[in-house]
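Q: Just the structure for this:
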Amino acid sequence: MIVAMQDNAAEAHIQAVIERMVELGFNVHRTTGANQTILAGVGSPAHFEVAEFTVLAGVHNAYRISSPYKLAGRGFRPEGTTITFPNGVVVGGTEVTLMAGPCSVESREQILISAKIVKAAGCQFLRGGAFKPRSSPYSFQGMGLEGLKLLREVSNETGLLVITEVMEISQIELMLPYIDCFQVGARNMQNFNLLRELGHVRKPVLMKRGIAATIEEVLLSAEYILSGGNYDLMLCERGIRTFETYTRNTMDISAIPVLKKLTHLPVFGDPSHGVGIRDLVSPMALASVAAGADGLLMEMHPNPDKAMSDGAQSLYPEQLEKLVAKLRMLAPVVGRTVA
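A: Reported below is the predicted structural model:
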């Protein structure tokens with residue numbers, strides 16, 4: 001159930017409604033916007049009447065939630081979610097957030113050069129994998145803790161925020177001192193135990209769509225994180241598996257406006273994994289922003305031909321620079337800006 005309070009409702013009225021919802025057996029999640037407070041009741045109390053809440057002091061409206069995702073639905077935060085990082089970067093506002101870097105951290109020199117290129121291009125986040133899930137057990141699996149330390153080191157030097165992938169619960173505590181944002185990869189979108197734990201962490205999470213996941217499945221996975229109380233969550237379309245084999249995946253651009261309609265969470269596009277072909281990354285990035293994406297997650301390597309992973313889909317430094325220049329021209333057309 002959703003209870004929308006009146007604009008500028010008194011705190012005493014809000015608390016009275018919360019107490020009544022708890023009495024009925026609801027787990028209450030509160031979100032307060034500039035003028036209005038929304039209360040989401042999660043659970044299945046045996047007997048209650050919505051009309052009971054519409055007459056309570058300070059209540060504007062109350063209604064049952066028909067969708068299975070209670071907290072991810074736009075009704076919980078009609079104005080949309082914005083996430084503010086410690087350095088002032090805001091995700092989900094009018095500015096398109098850019099995250100770029102190599103698929104994996106390979107050495108101090110490689111990640112430092114990458115960070116300087118990413119910073120110069122105008123991106124706010126450095127991406128790079130310390131733990132790498134690979135299809136083959138014989139492929140490079142990442143540098144682990146040493147990779148995390150390198151990410152933090154170059155972050156401190158350049159001022160970039162750090163996003164990297166978490167693969168299992170045991171890595172969460174290890175990663176906390178070194179990163180600014182957790183990334184949940186496509187393979188782990190339905191690792192519900194991991195998602196539950198990330199719901200208890202007070203650090204932003206970017207969750208990618210699974211390779212064969214429906215929109216509803218994406219939002220239900222998001223619900224696991226939100227239900228733990230972590231509302232700083234971003235979703236990412238990164239291509240799905242279809243019958244087409246020319247590209248690595250099929251970049252589902254339509255998922256971006258659909259998600260923007262259904263959820264209040266910021267939505268990103270990952271054109272690198274979306275197509276897996278370097279020369280197609282730029283048009284897919286532009287299409288993602290045109291479709292309403294709040295940000296982009298892209299792979300760029302100083303020397304892609306010698307990358308230890310995903311070299312074929314990693315942009316050359318000059319390609320990233322040219323792409324950001326195009327994004328600056330496109331963004332105003334759709335009411336956005338690029339730093």
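
Q: which stretch of helix or strand covers R30?
A: Per DSSP states H and E, R30 falls inside strand 27-32.

Q: Name every strand pairing with that strand and say which way it goes.
A: Here strand 27-32 is paired, per DSSP bridges, with strand 37-42 (antiparallel).

Q: Now the partner strand: buried residues?
A: 37-42 (16 or more other C-beta atoms under 10 Å). C-beta here means a position set from N, CA and C on the backbone, and glycine is covered the same way.

Q: just stretch 293-306 next, same as before
A: Buried, per 16+ other C-beta under 10 Å, within stretch 293-306: 293-302, 304.

Q: could you dump those to a markdown table with distance to E23 and secondary structure?
A: Formatted as a markdown table, these follow (distance: C-beta to C-beta, whole Å; DSSP: H, G, I helix; E, B strand; the rest coil):
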| residue | distance to E23 | secondary structure |
| --- | --- | --- |
| A293 | 42 | coil |
| D294 | 38 | coil |
| G295 | 41 | strand |
| L296 | 46 | strand |
| L297 | 43 | strand |
| M298 | 49 | strand |
| E299 | 51 | strand |
| M300 | 54 | strand |
| H301 | 57 | coil |
| P302 | 60 | coil |
| P304 | 59 | helix |
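
Q: still on that earlier bit, now the strand holding R30: mean pLDDT?
A: Averaging pLDDT along strand 27-32 gives 92.

Q: which parts of it are buried?
A: Here strand 27-32 shows 28-29, 31 as buried, counting by 16+ other C-beta under 10 Å.

Q: ok, and what's touching it?
A: Strand 27-32 is contacted by residues 14, 18, 21-22, 37-43, 71, 76-77, 226-227, 229, 231 when judged by C-beta atoms under 8 Å, 6 or more residues apart in numbering.

Q: Now render the buried residues of stretch 293-306 as TSV, adding distance to K322 and pLDDT.
A: TSV is the format used below for the buried residues of stretch 293-306 (distance: C-beta to C-beta, whole Å; pLDDT from 0 to 100):
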residue	distance to K322	pLDDT
A293	19	98
D294	22	98
G295	19	98
L296	14	98
L297	18	98
M298	12	98
E299	16	98
M300	12	97
H301	16	97
P302	16	96
P304	15	95
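
Q: What is the nearest of these to G276?
A: E299 (9.9 Å; C-beta to C-beta).
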